[in-house]
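[1] Everything below, folded, please.
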Amino acid sequence: MASPILPNTSNFLGVALVVNRLRDGPLFVFHYPSRILQPCASPSQKRVSRDELDDDDELLNQVSHPPFEAPSGSLPKSADLQNWNHDDHLETDKGSHIVPWEHVAGYPTKDLESLLTPNRAFHKKLFHVSLEQLCFASYPIYVPENGIWRKKKKQPKYQPPKSPENTDSATKYGDSSILASEVPQIETKDMAEDATAGNLPDEADEKKSGMTMFNLVFILNPKKHEAKELAENLYIHIIKKVNKAYKYSQQKSDFVWKESKRILALKDKGRETKTKMSTVWKEILEVSSLAASMQDVYEAVSHNRIAALQLETAEGAVTHSVQIPVPFYLPDLPLDDESGSKGLWITTANSFVEEDSLNDPSFLDKNFALLLMSDEKKIIAELQADPDETTAAMVEFVRLSKPTMSFHQIGQGTALSPAQVRKYAQHFIFWRRAIAIPPLHARDVYILSPNSDMSRLPRASQAWARAFPLAPPLPEFLAALSAAPRPYKLFAPSKNHRPTYLSMLAWLMRGGWVTQLCTFAYVVVWPEILYEVDYELEAEELLREAQAQHDEHPRASFSTDTSAESSHPPSSSPPSVSGDARLTSPPSFPDPFATDNDLTSGGGGHSPPADPPLPPSMTSSTATIRSPTAIRTAGEQAAEQARLDRLATRAHQAAAEKAAAHARRPAPQRTAHPSTNDAPHLAHLTPYVIADAGRVGERESRYLAAIGRRLPERLAHPTNTATGGGGKGKEPAMGAIIKGPTATGAGPNANPRAAWPVFWKYFNGRCALERVALHEDMKRRDAWNLLNAMSEYLLCVRHW
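    Predicted structure coming up:
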C-alpha cells in the first residue's frame with residue numbers, strides 16, 4: 001500500500017487570501033509565510049539554448065518568464081536587486097519604491113489577484129489553476145444573489161413541541177453529526193442572540209455588502225505525478241472546511257471583510273512608512289485572528305499536524321479543527337524515498353480485514369483495543385478543561401481503555417454501552433489521541449519492528465529510562481526481542497512482573513519500536529486425501545452411468561412397442577438414451593426427414609404411420625408439397641440405425657474399459673498420518689494447498705470433508721506441537737511454529753472434528769491464528785489445543 005501524498009514544506013509553499021469588491025475589484029489581502037519565493041526549475045525544465053529557439057519561441061519564452069517589474073516602470077540598481085533580502089523596501093532611479101509584499105512567488109500580486117478571482121461558476125467548487133511550476137487550489141465563496149451575507153432566520157408558522165420521539169428521529173437521520181462536522185461550534189447563548197437579532201427592524205434595511213467574494217488560496221509546488229492527489233487531499237480535508245468556517249463567520253458578523261479591511265489598512269500604513277515586511281507581518285498576526293488562523297493552517301498542515309482555528313468574531317469565538325487523516329500503520333515496508341513513513345507501526349491486522357467484517361461492529365470490537373498515544377492523566381486534563389455533556393463519559397472511557405482489553409470487553413461493563421465505546425474510540429483515533437491495535441497478550445510473540453526509526457533511539461532511550469528506571473536499557477531490550485522469537489511472557493523475570501512488562505510493551509508499540517509476529521495458515525491436502533477423493537468421484541461417475549443405462553433401457557423398449565400402435569404424436573420429448581439402450585431406442589434428436597410420428601416409432605421393421613391431420617389453416621396445395629419431403633426411404637432409415645448402433649457400441653466399450661481401469665486401481669487406505677504416507681500409488685501426486693478454505697468449489701469441499709473425517713472427536717492428551725508431518729523430507733505442516741499453552745486435560749470444546757468446519761474459514765492466509773479465540777469466544781488454551789490437533793493439515797507462515 002503506497003503512502004498518501006501529504007503536504008510538506010517543499011510542496012506546500014503558503015496560503016493567500018483574495019477578496020473581491022464591487023468598487024475596488026479584486027484585492028490581494030494577505031499571504032503567509034511572508035516570504036514565498038519562486039521555486040527553482042528542475043534540471044529537466046531548464047531553458048533551452050537560444051540557438052535552438054526561433055523568433056516565436058523566444059517571444060513566448062519572454063512572455064512566460066516576465067522580468068521583475070517595478071511600479072514606475074524603472075528598475076532598481078542591479079547590485080541592490082541581487083542583494084535584496086525581500087524584507088526591506090527598494091527605491092528605483094525615479095524615486096519610487098518596490099514594496100516587498102507586493103510580489104509573491106516571483107509574481108506581482110496585481111496579476112495574481114486577478115488570476116485568483118474566478119467567476120461565480122466556481123462558487124463552492126474546487127478552483128485549480130497552474131502557473132508554470134506552481135499550482136493554486138481554492139474553494140471560492142460568493143455572496144448570495146441578494147448581495148447580503150447575513151442570513152435572515154425564518155420563524156416557522158407552527159413548531160411542534162419537543163418530545164423524545166422528535167429528538168430520537170433527529171439523531172437517527174444524522175442532523176447532529178452534520179452540524180458537528182460541517183459547522184464550527186458556537187455558544188448556545190450566541191445562537192439565541194442571533195435568532196433575536198434576526199427580528200430587528202433595521203436588518204431589513206441592511207445595505208448590501210461591498211465584498212462579493214473571498215477566496216483562501218493554497219499555493220503548491222508538487223511533483224508532476226503528485227499534483228492531482230495532493231490538491232484533492234487538501235481540498236477535501238482542509239480547503240473546503242476552512243473556507244466553510246470563514247463563510248460561517250462572515251454570515252454571522254461580516255468577519256472576513258472586517259478583518260480584511262484591518263489587514264489592508266496596516267499594509268497601507270507600512271507602505272507609507274516603509275516599514276520592514278517582517279515588522280508589518282508581526283503586527284498583522286497580533287491584531288488579526290483571520291491572519292493568525294492562516295498562519296495556524298500553514299504551520300500545522302505543512303508539518304502534518306492538526307490545525308486548531310480560533311476566529312474572534314463579534315458574536316463570540318468560533319473554534320474549528322482540521323487535519324488530513326494519516327494512516328497510523330503500514331502493511332508493508334515503505335520505499336526508500338518515503339522517509340515520512342519511517343517509524344510507523346507495521347502490521348497487517350488492519351489491511352487484511354475484509355469489507356464484510358468492517359461493517360460488523362462485533363468483529364471490530366473483539367479484534368481491537370485502544371492504545372492511547374499520550375499519558376492518560378494528560379488526556380483527562382484536556383477533556384476536563386473544556387467540559388460538555390459528554391465529558392464525564394469520555395473521561396470514564398479513557399480510564400477504562402487498556403491496550404490489553406478489547407472494545408468488546410469494555411462494552412460489557414455497566415459504565416458505557418458498546419455504541420458509546422465505538423463512538424469514543426473513533427473520536428480519539430481520528431484526532432490522533434489513540435490508535436487501534438490487537439489486544440496485547442503476554443503469550444503472543446513480539447519482535448523488533450523492521451520499520452523502526454533508529455535515528456530516534458538516543459532520545460527514546462532517555463524517555464525509556466525515565467518511564468521504567470528498573471527495566472533493562474532500551475537497546476538491550478530491543479536486542480533481546482530481535483533474537484529468536486518467543487512468547488513475550490518469557491522476558492518477564494516472574495509472573496508478578498508481567499503487568500509492568502505489558503506497560504513496557506505498550507510504550508514500545510506506541511513508538512513503533514515493536515510489532516506482533518502473527519501466524520497465518522492455509523489448508524494443505526496430502527496425496528492420500530487427493531487420491532481418496534479422486535477415487536470416490538470416479539466411482540460415483542461409473543455408478544451414475546450404470547444407473548442411467550438401467551433406467552433408460554425399459555423406458556426405451558416401452559416407447560418402441562407402443563409408438564407403432566399409436567397414431568398420435570407424444571406430448572413430451574423422448575428421454576435421452578445412453579449405453580446399450582441406444583440399440584433398441586430411436587434417436588433422441590429430430591430428423592429433418594422424419595415426420596412427428598417417425599420420431600416416436602420403432603426401427604425400420606415398422607411401416608411409417610399415416611400423416612397426422614393438417615391444421616385447418618393449411619391448404620391442400622401446402623399439404624401436397626409437404627408430404628413427399630417428409631417421407632423417409634427404407635435405405636435411409638437402415639443407414640441411420642447402423643450409425644446409431646456404432647455409436648452405442650463405442651460408448652459401451654468406453655464405459656467397460658473405464659470400469660475395468662477403475663477396478664484395477666488400488667483402493668484408498670486411510671492412515672493415521674497422511675503426511676507420511678509414501679505408498680507407491682501416491683508417488684505421482686503432490687500436496688495441494690487451498691488458498692482460501694472459506695471459499696471453495698465442489699472438489700475442494702470434498703477435500704475439507706475428508707480431512708474432517710480424519711480428525712479425532714476428542715482430545716485426550718493435547719500437546720504443544722504436531723506429531724505428524726515431515727515424511728519424505730517434507731516439513732511438518734506447523735511443527736514448531738504453533739506453540740500454544742500446555743493443557744493437562746481436554747476442555748469442554750475439545751472436539752477437533754466438530755470444530756473443523758467452524759475453523760477452516762480462518763485458514764486463508766489473512767486471519768491470524770492468535771485471534772481465533774477472540775472470534776469464537778473461546779479460551780486461548782482450548783483454541784490452541786484444537787489448532788494443534790489440526791496442525792498436520794495446515795501450512796503456516798509467520799509475519800507481522
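[2] Every contact and neighbour count from this point should use C-alpha atoms.
    Noted.
[3] Mind checking the pLDDT average for stretch 27-43?
    Averaged over stretch 27-43, pLDDT sits at 80.
[4] scratch that, stretch 331-340 is what I was asking about
    Stretch 331-340 comes out with an average pLDDT of 65.
[5] what's the residue nearest to residue 348 when sequence neighbours are not counted sitting at in phi/psi?
    Counting by CA to CA, 6 or more residues apart in numbering, residue 348 lies nearest to residue 331, which is 4.8 Å off, once chain neighbours are set aside. Dihedral angles of residue 331 (phi, psi; degrees, to the nearest 10) stand at phi -80, psi -20.
[6] What distance do you get for residue 331 to residue 347?
    As for residue 331, its distance to residue 347 is 5 Å (criterion: CA to CA, to the nearest Å).
[7] Tell me which of these two has more neighbours.
    Comparing residue 331 with residue 347 by other CA atoms under 10 Å, the one with more neighbours is residue 347, at 22 against 16.
[8] Do I have it right that that one meets residue 800?
    Yes: between residue 347 and residue 800 there is a contact under CA atoms under 8 Å: 5.1 Å.
[9] Spit out the residues that contact those two alike.
    515-516 (CA atoms under 8 Å, 6 or more residues apart in numbering).
[10] in stretch 221-235, what counts as buried?
    221-222, 227, 230-235 (16 or more other CA atoms under 10 Å).
[11] neighbouring contacts of that stretch?
    5-7, 10-13, 39, 126, 133-135, 137-139, 324.
[12] Dump that stretch to PDB, restricted to CA.
    Provided in PDB are the C-alpha atoms of stretch 221-235 (Å, rounded to 0.1, in the frame of the first residue of the first chain):
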ATOM      1  CA  ASN A 221       4.700  23.200  -5.800                       C
ATOM      2  CA  PRO A 222       4.100  19.500  -6.200                       C
ATOM      3  CA  LYS A 223       5.800  17.000  -8.400                       C
ATOM      4  CA  LYS A 224       4.100  16.300 -11.700                       C
ATOM      5  CA  HIS A 225       2.700  12.900 -10.700                       C
ATOM      6  CA  GLU A 226       1.600  14.100  -7.200                       C
ATOM      7  CA  ALA A 227      -0.200  17.300  -8.300                       C
ATOM      8  CA  LYS A 228      -3.700  15.800  -8.600                       C
ATOM      9  CA  GLU A 229      -3.700  13.700  -5.400                       C
ATOM     10  CA  LEU A 230      -2.100  16.500  -3.300                       C
ATOM     11  CA  ALA A 231      -4.700  19.000  -4.500                       C
ATOM     12  CA  GLU A 232      -7.600  16.600  -3.800                       C
ATOM     13  CA  ASN A 233      -6.400  15.700  -0.300                       C
ATOM     14  CA  LEU A 234      -6.000  19.400   0.600                       C
ATOM     15  CA  TYR A 235      -9.400  20.300  -0.900                       C
END
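[13] from the buried residues of stretch 221-235, which ones fall inside helices?
    227, 230-234 (DSSP state H).
[14] looking at it, residue 418 is touching residue 406, isn't it?
    No: using CA under 8 Å, residue 418 is not in contact with residue 406, being 11.1 Å away.
[15] Any regions of the stretch 301-450 of the chain where pLDDT drops low?
    334-341, 343, 350-364 (pLDDT under 70).
[16] quick one: average pLDDT of stretch 673-680?
    On average, the pLDDT along stretch 673-680 is 87.
[17] Alpha carbons of it, as CSV, please.
    Only the C-alpha atoms of stretch 673-680 are listed here, as CSV (Å, rounded to 0.1, in the frame of the first residue of the first chain):
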residue,chain,number,x,y,z
HIS,A,673,-0.8,-39.6,9.4
PRO,A,674,-1.5,-38.8,5.7
SER,A,675,1.6,-36.5,5.5
THR,A,676,3.9,-39.5,5.9
ASN,A,677,2.0,-41.9,3.6
ASP,A,678,4.6,-42.9,0.9
ALA,A,679,2.5,-45.6,-0.9
PRO,A,680,3.6,-46.3,-4.5
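[18] Just the buried residues of it, please?
    Of all the residues in stretch 673-680, those buried under the rule 16+ other CA under 10 Å are 673-677.
[19] Stretch 22-32 too?
    For stretch 22-32, a neighbour-count test (16+ other CA under 10 Å) marks 26-32 as buried.
[20] how many other residues sit next to residue 523?
    Per other CA under 10 Å, the neighbour tally for residue 523 reads 27.
[21] Am I right that it is in a helix?
    No: going by DSSP: H, G, I helix; E, B strand; the rest coil, the assignment for residue 523 is strand, not a helix.
[22] partner residues bridging it?
    Bridge pairing for residue 523 (DSSP bridges) gives the partners residue 690, residue 794.
[23] Could you do residue 437 as well?
    residue 369.
[24] Residue 504 versus that one, what's the distance?
    Look at residue 437 and residue 504: by CA to CA, they are 15 Å apart.
[25] Of the two, give the one with the bigger neighbour count.
    Shown here are residue 437 and residue 504; by other CA under 10 Å, residue 437 has more neighbours (22 against 16).
[26] show me the contacts for that one.
    Contacts of residue 437 (CA under 8 Å, 6+ apart): 349, 368-371, 403.
[27] again, but for residue 124
    For residue 124, the contact set (CA under 8 Å, 6+ apart) comprises 139-142.
[28] Counting only strands, which of those make the cut?
    Using DSSP state E, 141-142 are the members of the contacts of residue 124 that sit in strands.
[29] okay, now residue 371: neighbour count?
    By the measure other CA under 10 Å, the count of residues near residue 371 is 27.
[30] so how far is residue 491 from residue 703?
    Using CA to CA, we find residue 703 at a distance of 42 Å from residue 491.
[31] The two: which has the busier surroundings?
    Counted by other CA under 10 Å, residue 703 and residue 491 do not tie: residue 703 has more neighbours, with 23 against 15.
[32] where's that one, which helix or strand?
    For residue 703, the enclosing helix or strand under DSSP states H and E is helix 698-710.
[33] Mind listing what's buried along the helix or strand following that helix?
    Downstream of helix 698-710, the first helix or strand assigned by DSSP H and E is helix 752-759. Buried residues in helix 752-759, counted by 16+ other CA under 10 Å: 752-756, 759.
[34] next one: stretch 372-388
    Going by 16+ other CA under 10 Å, stretch 372-388 has these buried residues: 372-373, 379-380, 383.
[35] Looking at those residues, spot the one nearest residue 633.
    When the buried residues of stretch 372-388 are compared for distance to residue 633 (CA to CA), residue 372 wins out at 93.6 Å.
[36] Distance check, that closest one against residue 223.
    From residue 372 over to residue 223 the distance is 35 Å, taken as CA to CA.
[37] Alright, I will stop here.
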